[in-house]
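Engineer: What follows is a predicted structure for the sequence shown.
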Amino acid sequence: MKSLLVGLIVFLFEKLFILANFKKFSLAKKKNGIRRCFDICYLKRGDLLEVPRTLFVHYGIYLGNNKVAHLMPDILPALSDSTSFIEKVVTNKRLIMGVLAKVASIRVDNVQDFAYGGCIIVNHMDSSFKTSPLPNEEVAQRAEKLVGSTSYSLLWDNCEHFVTYCRYGVPVSFQSEKFCETVKRIIRDQRSVLLSAVLGMVSMLCMGLGICTTLPTFLITFSLWMAS
């Protein structure tokens, strides 16, 4: 029951953050008070690129010649074999449907389409790893070998997993880990038990007593209590 509840909560939060994940990239990310934007001429093949969004960061691997390999949720490859359509810039509708269907593609776009008007940060993740990154050429070759259709999960198999595998040899997502820790804190907070009980009582008062209101209220409140 505990694992079922955690899965349900993660699913709801995952869908809640989908819309935020599709907002326009922020104009820049500051570090030590300085905007960190890089001209294409300074990029090297195998560099790890990131562009901050409202709540998430989008990642890619620079391949040289103004090209970036990045993992994008996209429903179109699952519906069509038309290369001309698939190669077009992924729209928000395609992206949303890809997230919901858990399908994606590792695609190659130019730097401008990858950045989507945002400010690119280069190799900023190197400081988060104790091990040194792989040689740049090996990083780029790993990314090129993975280009094509792939599965997708907003938490467990996203663009950050792709780039960390290519550059460091280990697929990890610090964004997902931070989100899961937040979910754990919410579950462990006993105030969530009281809140679920209150919401359950309100729903029963508004909708009347019945299996569809009483049973979920009891199960959710009891599970939160046991998990806290």
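Structural biologist: Received the coordinates, thanks. Numbering: from 1, shown residues only.
Engineer: Now for this protein, the helix or strand with the poorest mean pLDDT.
Structural biologist: When the helices and strands of the chain are scored by mean pLDDT, DSSP states H and E, strand 34-35 comes last with a mean of 34.
Engineer: avg pLDDT for the helix or strand just after that one?
Structural biologist: Per DSSP states H and E, the first helix or strand lying C-terminal to strand 34-35 is strand 48-52. For strand 48-52, the mean pLDDT works out to 93.
Engineer: Tell me where the chain has helices.
Structural biologist: Using DSSP state H, the helices of the chain run over 2-16, 18-21, 76-79, 83-86, 92-101, 111-115, 136-146, 159-168, 174-188, 191-207, 211-227.
Engineer: And the contacts of the fourth one?
Structural biologist: Right, helix 83-86. When contacts are defined by Cβ atoms under 8 Å, 6 or more residues apart in numbering, helix 83-86 is touched by residues D74, L76, P77, S80, S105. Placement of C-beta: from N, CA and C, glycine included.
Engineer: Correct me if wrong: the second one contacts R94.
Structural biologist: Yes - assessed by Cβ atoms under 8 Å, L76 is found in contact with R94 at 5.3 Å.
Engineer: Quick check: can you list the domain ranges of this structure?
Structural biologist: Per automatic domain parsing, the structural domains of the chain span 17-172, 189-227.
Engineer: Least reliable of those by average pLDDT, please.
Structural biologist: domain 189-227 (a mean of 61).
Engineer: buried residues in stretch 135-142?
Structural biologist: For stretch 135-142, the buried set under the neighbour-count rule, 16 or more other Cβ atoms under 10 Å, comprises N136, V139, A140, Q141, R142.
Engineer: Many thanks, I have nothing further to ask.
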